[in-house]
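1. pasting the sequence and the predicted coordinates here, then a few questions.
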Amino acid sequence: MIDDYIRYMNVPVNKVLLDNYGALDIDERAMIVIIRLVDIHQHSSQLPEFTSLSKGTTMSEGDISKVIQELMQKGLMEVETIRESGKYIERFNLEPLYSRLVQIFETREPAKPEPTEIRSLFEYVEGLYGRVISPNEFERINSWLEDSKYSPEAIRNAVDLAYQNQIKSLQYVERILGQTGREKTEARVERMPVRSWLEGEDVYDQ
């Protein structure tokens, strides 16, 4: 029973924080202090004694004090002294930390597709079209991935939509991608773009 207790007794660790704490310009010592503060903040906003924060770590109380000061200077936490029941106590606030994590999450570059995803996409298109794609088609699809940053799933969906309308044209698939990329998620409708016959557009142009 004690074995299960040790295995599954965990404290919450924010995944964005764990993956990006270097972007906050903090080191592993500060990371440990933050993890402990996050755990404590679930039930109390009172800043704990440095003795309790250093317990079980290789840091001294002086080290903890320096880390807390560093976190405040970097704008990752706030500490205020208030009077409560005739006593002065220090309360800490981690909202600045969470705000920074939101900024990091929103501005980070989308993950690049795995090579297996890309290979699967090309194999899917070739299977759907019943032939090997041409070098020009390869370059076109690759530009959607590399330059336009469309995901393999988005490209596959656009190819499917064109194929359902009996159109095997990457030019047309590109128009579908352009439309769905501009529309809001809630407004997206799987409809075909209007073909511009007057402009001489050939939907079967590769």
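-> Here it is on my side, so go on.
2. okay, domains of the protein per the record?
-> Taking automatic domain parsing as the reference, the chain has its domains at 2-107, 115-199.
3. out of the ones you listed, name the one with the poorest average pLDDT.
-> Mean pLDDT values for the domains of the chain show the minimum at domain 115-199, a mean of 79.
4. starting at the chain centroid, how far to that one?
-> 24 Å (CA atoms, centre = their mean, to the nearest Å).
5. so residue 56 sits in a helix?
-> No - counting by DSSP: H, G, I helix; E, B strand; the rest coil, residue 56 is located in no helix; its state is coil.
6. turn the domains of the chain into a markdown table, columns for mean neighbour count.
-> In this view, the C-beta of every residue, glycine as well, is placed from N, C-alpha and C. Formatted as a markdown table, the domains of the chain follow (neighbours: other CB atoms under 10 Å):
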| stretch | mean neighbour count |
| --- | --- |
| domain 2-107 | 14 |
| domain 115-199 | 14 |
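7. just list the residues touching the residue nearest the centre of the chain, thanks.
-> Compute the mean C-alpha point of the chain, and by CA atoms, centre = their mean the closest residue is residue 105, 5.2 Å away. Residue 105 makes contact with residue 16, according to CB atoms under 8 Å, 6 or more residues apart in numbering.
8. next SSE downstream of the helix or strand hosting it?
-> Here residue 105, judged by DSSP states H and E, is contained in helix 95-107. Sequence order places helix 115-129 as the next helix or strand after helix 95-107, per DSSP H and E.
9. what's that following helix packed up against?
-> Applying 3 or more CB pairs under 8 Å, 6 or more residues apart in numbering; DSSP states H and E, one finds that helix 115-129 contacts helix 135-146, helix 152-164.
10. relative to residue 29, which of those is closest?
-> helix 135-146 (39.5 Å; CB to CB).
11. phi and psi next, for residue 80.
-> Here is the backbone geometry of residue 80 (degrees, to the nearest 10): phi -130, psi 150.
12. name whatever forms a beta bridge with it.
-> On the basis of DSSP bridges, residue 80 is bridged to residue 91.
13. what packs against whichever strand or helix holds residue 17?
-> Using DSSP H and E, residue 17 maps to helix 15-20. Here helix 15-20 touches helix 95-107, going by 3+ CB pairs under 8 Å, 6+ apart.
14. give me the distance from the helix it packs on to the chain's centre.
-> With CA atoms, centre = their mean as the basis, helix 95-107 stands 11 Å off its chain's centre.
15. grab the CA positions of that helix and hand them over as CSV.
-> Extracted C-alpha coordinates of helix 95-107, given in CSV (Å, rounded to 0.1, in the frame of the first residue of the first chain):
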residue,chain,number,x,y,z
GLU,A,95,-1.0,35.6,-11.4
PRO,A,96,2.0,37.3,-13.0
LEU,A,97,3.5,33.9,-13.6
TYR,A,98,0.4,32.6,-15.2
SER,A,99,0.1,35.7,-17.4
ARG,A,100,3.6,35.1,-18.7
LEU,A,101,2.9,31.5,-19.4
VAL,A,102,-0.2,32.5,-21.4
GLN,A,103,2.0,34.8,-23.5
ILE,A,104,4.5,32.1,-24.1
PHE,A,105,1.8,29.6,-25.1
GLU,A,106,0.1,32.0,-27.5
THR,A,107,3.3,33.2,-29.2
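16. thanks again, I'm all set now.
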